[in-house]
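[1] Kindly return the folded structure for what I paste below:
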Amino acid sequence: MRDHLTTALAFLRNTWRGLTSMRTALVLLFLLAMAALPGALIPQRSLNRSEVDKYFQQYPDIAPLLDKIGMFEVFSSVWFASIYVLLFISLIGCLLPRCWEYFKQWRSKPVRTPRNLGRLPHHAEKTLDDTSVDEAIAAAKTRLRGWRTVEHTETDGARSISAERGFLREVGNLVFHFALVGLLIGLAGGKLYGYEGQVIVVADGSEFCNSGTYNYDSFRAGLSVDGTQLSPFCVKVDDFDVDYQPNGQVANYRVGMQYQSGEGLETNSWLPYTLQVNHPLRTAGDRIYLTGNGYAPRFTVTWPDGQQRTSLVQWQPMSPQTMLSQGATKFDQPGVTDEVQRRQSQLAITGLFAPTAAFDGKILSSGFPDLLDPTAAIDVMRGDLGLDSGRGQSIFGVDQSMVEQGRLNRVARENVRVGEEIRLDDGTTVRFDGVERWANLQVSHDPFQTSVLAFAVLIIFGLGTSLIVKRRRIWVRAAPHPESAESSAARTVVEVGGLARTDQAGYGEEFARIADDLLGADVDHSPQPRADSGTARERKS
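    The predicted structure is shown next:
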C-alpha cells in the first residue's frame with residue numbers, strides 16, 4: 001500500500017513539475033494560438049449564424065463533421081477551454097517559483113571579484129601613476145553610482161568592487177507573465193459577466209431601450225447574465241447620413257442620435273451624439289457601435305372597405321457595394337374576426353429594392369448605393385403566411401412551405417417607384433410610399449474591459465523592459481604596484497572586468513566607456529579570447 005502511495009505521489013509530483021515548466025507554458029501558448037485559428041477562419045454561430053447556415057449549404061459533407069468537434073463554437077468549446085485552463089495553471093506554477101528566486105537574488109550581494117579578471121570576455125588593465133588604491137576605489141565607486149556594489153579587501157592588500165546592474169530585466173519578465181495571467185482572467189471575466197446584443201433601429205426617430213433581451217434582434221449573454229439587470233439607457237436614432245465616393249464606395253457614416261442614461265432617464269432629458277464607425281457611444285457602462293445599415297421601404301395597403309395599414313420594415317442588403325436589398329413586409333387585414341378568413345386574407349410584399357434602379361433586361365438591379373432612383377420589384381402574396389404556426393420565420397422572407405402547399409399565392413408582380421401603386425383583383429391597392437434608412441447597433445457590456453486594457457499595457461511594458469534592459473556585471477580591482485614600495489610616488493594597478501549575463505549587443509560599448517573613465521582613453525579594452533573552461537569557472541564564481 002505504501003509503495004502504491006509513493007508511486008502515486010511521485011507521478012503527481014512529476015506531472016506538476018512538467019505542467020509548470022516554462023517549456024510546457026510556451027507549448028500551451030502556441031496551442032492556444034493554433035486553436036484560435038479556426039475561430040478566425042470559420043464562421044461562428046455566436047457572431048453570424050447566417051454565415052454558418054451558408055457554410056452548411058456550400059459544404060454539406062464536411063460541415064456536420066466540423067460541427068461535431070465544435071468548430072462553429074470554437075471559443076466556447078471544451079477543448080479550447082481545456083487549453084485555456086491548463087495555460088493558466090502552468091503560468092501560475094511557473095511564476096511563483098520565479099518570484100521566490102528573484103527575491104533571493106535581490107536580497108543577495110553581488111558575487112565576489114574573480115581571481116583572474118583577464119579570463120573574462122571584457123577586460124582592461126592599466127597602471128595609474130600618482131594614484132593610491134583608495135583613490136582608485138573612490139573613483140570607481142563614483143563612476144558606478146546607481147549600480148549594486150559591494151567592496152572587498154583581499155589578503156594581498158588589494159581592494160575590489162563587485163557591481164551588478166539590470167535587475168529590472170527579470171522584473172520585466174515577471175510583469176509580462178503576470179500581466180498575461182491578468183489578461184486571461186480579464187477575458188474570462190468578460191465572458192462570464194458581459195453580454196452583447198444586436199438591434200436594428202430605423203432612422204426616423206425610432207427608439208431603443210436596454211430594458212430587456214426581448215428588445216434585441218439577437219442577444220448573446222455571458223454565463224452569469226440572465227438578462228434581467230441590463231445597464232439602463234435609451235437611444236433615439238434621428239437620421240443616418242452617408243458620404244459616397246463617385247465609384248460608390250463609402251467615405252463616411254454618421255448617425256445622428258440622442259441618448260439618455262442615469263439621471264436623464266428620470267428627467268427624460270436627451271443628450272445629442274453623432275455615432276460613427278470606430279467611435280462608439282459609451283454610456284451606463286456599455287458601448288454602442290455602428291456595425292451596419294440598410295434600407296426600409298414603406299408600403300401602404302388600402303383594402304376595398306377603405307381601411308389602411310402602413311408598415312416600415314427593414315430589408316436585408318444583398319450587395320454592400322450597391323445596397324441591392326431583399327425582404328418581406330407582411331400585413332393582416334384589419335377588422336376580420338373570423339380566424340380562417342383572417343389567415344386566408346393575409347398579404348406579404350416581397351421582392352427586391354434598389355436605391356438606384358438599373359435593369360439587366362427585365363431584372364431589377366442597383367447601380368449605386370445612394371437613393372438616386374429608389375425602385376422596388378415586388379411580388380404581392382396573398383393567403384396564409386404561417387405566422388400562427390408556432391414556427392419561427394425570417395422577417396426577410398415568407399414561409400416557402402406555405403407556397404408549396406398552395407396556401408400562399410402570388411397575385412401581382414410589378415416594378416414600382418416611390419408614389420406608384422398596384423391594384424389587386426379584389427380592389428386592394430398597394431402603394432410604395434418611400435424609404436427610410438436603418439442602423440444596426442451593437443451593444444457591448446464588458447465590466448473587465450478597463451482591466452484588460454491595463455494588463456495589455458503592462459504586457460507591452462514588461463516585454464519592452466525585458467528586451468531593452470541588459471543584466472551585466474563589472475569588477476574593479478586596485479592593487480599597489482610592486483615597484484611602488486621602492487619609490488616615493490604612489491602607483492596602482494587597476495583592472496576592470498565585465499561580463500554580460502545575456503550576450504546582447506551594446507554591452508561592449510558600455511564597458512568601454514566605464515574603462516575609459518577609470519583608466520584613461522588610451523587603454524586597450526578589446527574583448528578577450530574566450531576559453532571555455534576558464535569562462536565556465538568564472539561564471540560559476
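[2] State the distance from residue 279 to residue 273.
    Taking Cβ to Cβ, to the nearest Å as the measure, residue 279 falls 10 Å from residue 273. Placement of C-beta: from N, CA and C, glycine included.
[3] Repeat that for residue 382.
    44 Å.
[4] Burial check on the spatially closest residue to residue 428 that is not a sequence neighbour, number of neighbours?
    Among residues not flanking residue 428 along the chain, residue 303 sits closest, at 5.3 Å (Cβ to Cβ, 6 or more residues apart in numbering). Using other Cβ atoms under 10 Å, residue 303 has 20 neighbouring residues.
[5] for residue 75, same thing?
    Number of residues near residue 75 (other Cβ under 10 Å) recorded here: 17.
[6] Return the longest helix in the protein, judged by number of residues.
    helix 78-107 (DSSP state H).
[7] What are the buried residues along that helix?
    Of the residues in helix 78-107, 80, 83, 84, 86, 87, 88, 90, 91, 93, 94, 95 count as buried by neighbour count, 16 or more other Cβ atoms under 10 Å.
[8] go on, stretch 389-404?
    The neighbour-count check on stretch 389-404 (16+ other Cβ under 10 Å) flags 393, 398, 399, 402 as buried.
[9] Tell me which of those fall in strands.
    Among the buried residues of stretch 389-404, no member falls in strands (criterion: DSSP state E).
[10] Switch those over to JSON lines; also include distance to residue 356 and pLDDT.
    Listed next are the buried residues of stretch 389-404 as JSON lines, based on distance: Cβ to Cβ, whole Å; pLDDT from 0 to 100:
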{"residue": "393", "distance to residue 356": "30", "pLDDT": "76"}
{"residue": "398", "distance to residue 356": "26", "pLDDT": "91"}
{"residue": "399", "distance to residue 356": "31", "pLDDT": "88"}
{"residue": "402", "distance to residue 356": "33", "pLDDT": "89"}
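[11] Can you tell me which of these end up in helices?
    The helices, defined by DSSP H, take in residue 402 from the buried residues of stretch 389-404.
[12] what two of the buried residues of stretch 389-404 are the furthest from one another?
    Pairwise distances across these peak at 9.5 Å for 393 and 402 (criterion: Cβ to Cβ).
[13] Quickly list what's touching both of those two.
    residue 386 (Cβ atoms under 8 Å, 6 or more residues apart in numbering).
[14] The stretch 51-200 of the chain: strands as residue ranges?
    122-129, 148-153, 159-165, 195-202 (DSSP state E, counting those that start in this stretch).
[15] coming back round to it: which one of residue 279 and residue 273 has more residues nearby?
    Between residue 279 and residue 273, residue 273 has the larger neighbour count (other Cβ under 10 Å), namely 17 against 13.
[16] what sits opposite that one in the beta ladder?
    residue 257 (DSSP bridges).
[17] was I right about it contacting residue 261?
    No - using Cβ atoms under 8 Å, residue 273 makes no contact with residue 261, being 11.2 Å away.
[18] mind saving the C-alpha coords of the helix or strand where residue 509 lies as PDB?
    Taking DSSP states H and E as the criterion, residue 509 maps to helix 507-519. Extracted as PDB, the C-alpha positions of helix 507-519 are listed here (Å, rounded to 0.1, in the frame of the first residue of the first chain):
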ATOM      1  CA  TYR A 507      27.400  45.900 -23.600                       C
ATOM      2  CA  GLY A 508      30.900  46.200 -25.100                       C
ATOM      3  CA  GLU A 509      30.300  49.900 -25.700                       C
ATOM      4  CA  GLU A 510      29.200  50.500 -22.100                       C
ATOM      5  CA  PHE A 511      32.100  48.600 -20.700                       C
ATOM      6  CA  ALA A 512      34.500  50.600 -22.900                       C
ATOM      7  CA  ARG A 513      33.000  53.900 -21.600                       C
ATOM      8  CA  ILE A 514      33.500  52.800 -18.000                       C
ATOM      9  CA  ALA A 515      37.000  51.500 -18.600                       C
ATOM     10  CA  ASP A 516      37.900  54.800 -20.300                       C
ATOM     11  CA  ASP A 517      36.600  56.800 -17.400                       C
ATOM     12  CA  LEU A 518      38.500  54.700 -14.800                       C
ATOM     13  CA  LEU A 519      41.800  54.000 -16.700                       C
END
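[19] Could you tell me the average pLDDT over that helix, please?
    Averaged over helix 507-519, pLDDT sits at 85.
[20] List the buried residues of that helix.
    Neighbour counts over helix 507-519 (16+ other Cβ under 10 Å) mark 507, 508, 510, 511, 512, 514, 515, 518, 519 as buried.
[21] just curious, which of those is nearest to residue 180?
    residue 507 (28.1 Å).
[22] give the contact list for the closest one.
    122, 470, 472, 498, 500.
[23] quick one: contacts of stretch 410-424?
    Contacts for stretch 410-424 (Cβ under 8 Å, 6+ apart): 357, 364, 373-382, 425, 429-435.
[24] Okay, angle between the helix holding residue 509 and strand 159-165 too, please.
    With axes from the mean of the first three to the mean of the last three Cα atoms, to 10 degrees as the basis, helix 507-519 and strand 159-165 are set at 150 degrees to each other.
[25] Thought residue 347 was touching residue 380, still the case?
    Yes - the pair residue 380 / residue 347 is scored as a contact, 6.5 Å apart, by Cβ under 8 Å.
[26] Need the residues touching each of the two.
    Counting by Cβ under 8 Å, 6+ apart, the residues touching both residue 380 and residue 347 are residue 430.
[27] circling back: just checking, what packs against the longest helix of the chain?
    Here helix 78-107 touches helix 2-19, helix 22-41, helix 168-193, going by 3 or more Cβ pairs under 8 Å, 6 or more residues apart in numbering; DSSP states H and E.
[28] which of those sits most buried?
    helix 168-193 (a mean of 18; mean count of other Cβ atoms under 10 Å).
[29] and that helix, what other elements does it pack with?
    Secondary-structure packing of helix 168-193 (3+ Cβ pairs under 8 Å, 6+ apart): helix 78-107, helix 449-468.
[30] Any chance of CSV for the ones you listed, columns mean pLDDT?
    Below are the helices and strands packed on helix 168-193 laid out as CSV (pLDDT from 0 to 100):
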stretch, mean pLDDT
helix 78-107, 82
helix 449-468, 90
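[31] Including distance to residue 286, could those go into a markdown table?
    Putting these into a markdown table (distance: least, Cβ to Cβ, whole Å) gives the following:
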| stretch | distance to residue 286 |
| --- | --- |
| helix 78-107 | 26 |
| helix 449-468 | 10 |
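[32] Looking at those helices, which is nearest to residue 223?
    Nearest to residue 223 among these is helix 78-107; the distance by Cβ to Cβ comes to 11.3 Å.
[33] Return the distance of residue 327 relative to residue 263.
    Taking Cβ to Cβ, one finds residue 327 at 39 Å from residue 263.
[34] All good on my end, thank you.
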